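following is a predicted model, sequence given first.
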Amino acid sequence: SVLLYQKPNRDICQSGTSLKIQCVADSQVVSMFWYQQFQEQSLMLMATANEGSEATYESGFTKDKFPISRPNLTFSTLTVNNARPGDSSIYFCSSRDRTGGRAETLYFGSGTRLTVL
Amino acid sequence: GEKVEQHESTLSVREGDSAVINCTYTDTASSYFPWYKQEAGKSLHFVIDIRSNVDRKQSQRLIVLLDKKAKRFSLHITATQPEDSAIYFCAASMHSNNRIFFGDGTQLVVKP
């Protein structure tokens, strides 16, 4: 299995500001996925981040709004730029275990609850 | 990407009864279908999955059925217990190391 540590757990920010969310894995993982969840339902895949390359974004999410870095195999950050109240949601990082076993299983971080005022 | 639809947004059952959550997907290339559970205020964790080479899988009180022709799969929870109360998400993936797309979740309430 993979343990993913996210911080902060929650944050409140003003409209127009930026917020950075960090995700650290306890082992090396190939891909990290970022998800957005509104009101404890509707889990949307935002982007896939692989080490040393640009993140791949899903429809509706852009690099300018949600830049993602993946400097090594255990770390990723998601930034929310120019935050708006509509960005208020929970953000999860997730990854699969690259070391074998149940390689398909997706593991989730604890989530970051963002409130934009 | 793949689009997964979860048909029941809420489901209420009596303790001991069975609960069934139904999902459909759009992409015939999808071959891996996991289910996740999210308890109130917590993160998601894996409960069971099924691959397209089988049409049924059981793990204790959980049964997953897959109908590839209809692009439909379902989670059956038998002998439900209050601790089964949570949001359940179905998901689909084109192959085991690709992106996973989730349904909108089903809030399951098991009443004592």
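Received it, and whenever you're ready, just let me know what you need.

quick check: residue B:34 touching residue A:105?
Yes - applying Cβ atoms under 8 Å, one finds residue B:34 in contact with residue A:105, separated by 7.2 Å. For glycine as for every other residue, the C-beta is placed from the backbone atoms N, C-alpha and C.

quick one: which of those two has more around it?
Set residue B:34 next to residue A:105 and count neighbours by other Cβ atoms under 10 Å in any protein chain shown: residue B:34 wins out with 23 against 18.

report pLDDT for the more buried one.
For residue B:34, the pLDDT comes out at 94.

skipping adjacent residues, who's closest to it in space?
residue B:49 (3.9 Å; Cβ to Cβ, 6 or more residues apart in numbering or on different chains).

how close does that neighbour sit to residue A:18?
37 Å (Cβ to Cβ, to the nearest Å).

of the two, who's got more company?
Neighbours were counted for residue B:49 and for residue A:18 using other Cβ under 10 Å; residue B:49 has more, 20 against 11.

wait, is that one part of a strand?
Yes - Residue B:49: assigned to a strand according to DSSP: H, G, I helix; E, B strand; the rest coil.

figure out how far stretch A:78-85 is from the centre of its chain.
Stretch A:78-85 sits 12 Å away from the centroid of its parent chain (Cα atoms, centre = their mean, to the nearest Å).

name the residues of it that are buried.
The neighbour-count criterion (16 or more other Cβ atoms under 10 Å in any protein chain shown) identifies A:78, A:80, A:81, A:83 as the buried residues of stretch A:78-85.

do the same with stretch B:64-80
By 16+ other Cβ under 10 Å, the buried positions in stretch B:64-80 come out as B:64, B:65, B:66, B:71, B:73, B:74, B:75, B:76, B:77, B:80.

sec struct for residue B:1, please.
The three-state assignment at residue B:1 reads coil, by three-state DSSP.

any idea of the pLDDT on it?
What the model reports as pLDDT for residue B:1 is 73.

and if you look at the one 5 residues further on?
At residue B:6, the model reports a pLDDT of 95.

fine by me, we can end here.
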